[in-house]
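[1] Here is my input; please provide its structure:
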Amino acid sequence: MAAFWLKVIASDHVFYNGNCESLVVPAHDGEVGILPHREAMILAIQEGELRFRVPGENQYREAVVGIGIVQVANNRVTVVVDTAERPEDIDEVRARQALERAQEQLRQKQSIREYYMSKASMARALSRLKASQHKGSEYHGL
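    The predicted structure is shown next:
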């Protein structure tokens, strides 16, 4: 199968840099799949699970990502996100505590900006919890 070059960059590290056969990113209106030789585009992504398949592997690799953008050009895909982590690296207890803090903040009176920050924190915590609960399955190949 044909491949393209994928680079996933988080705010503090390069999560992946290498060949890729397919990529699925969490867009605002659902998941978007990217295959080799896709037309050029820029896409905003939200918190969720990013999946990609490396040539020669049977399973998808997975990452829990925060908000960011995807750029596709010349058979190269660059994903820039605020956070990216493997599901098996997520501390479920910390993620659950973060969710509880975000839910408590949403219950309190706050400015519009603080409200959206709390909603983003809650979405990130939910994504992390969902991924951490699946980390034992064969689907995760990182």
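
[2] pLDDT value on the residue nearest to G48 when sequence neighbours are not counted, please?
    Once flanking residues are discounted, G48 sits nearest to P26: 3.0 Å by CB to CB, 6 or more residues apart in numbering. Any C-beta I mention is one placed from the backbone N, CA and C, and that applies to glycine too. In this model, P26 is scored at 94, pLDDT.

[3] again, but for V64
    89.

[4] and the closest residue to it other than its chain neighbours, which of the three is it?
    Spatially, and ignoring its direct neighbours in sequence, V64 is nearest to A131 (4.4 Å; CB to CB, 6+ apart). Classification of A131 using DSSP: H, G, I helix; E, B strand; the rest coil returns helix.

[5] A131 against L50, yeah?
    No: counting by CB atoms under 8 Å, A131 does not reach L50; the two are 10.2 Å apart.

[6] Next, show the common contact partners of these two.
    E62, V64 (CB atoms under 8 Å, 6 or more residues apart in numbering).

[7] Bridge partners for V24, pull those for me.
    Bridge pairing for V24 (DSSP bridges) gives the partners G33, R51.

[8] On the pLDDT front, check the nearest residue to V81 once chain neighbours are set aside for me.
    Spatial nearest neighbour of V81, excluding adjacent residues (CB to CB, 6+ apart): G68 at 3.3 Å. Note for G68: predicted pLDDT of 94.

[9] so who does G68 touch?
    With CB under 8 Å, 6+ apart, G68 has these contacts: A44, I45, V79, V80, V81, D82.

[10] count of neighbours near the first one?
    The one in question is A44. Residues contacting A44 under the criterion other CB atoms under 10 Å number 11.

[11] Quick check: it touching Q71?
    No: judged on CB under 8 Å, A44 makes no contact with Q71 at a distance of 10.9 Å.

[12] Can you name the residues that contact A2?
    Counting by CB under 8 Å, 6+ apart, A2 touches E21, L35, P36, H37.
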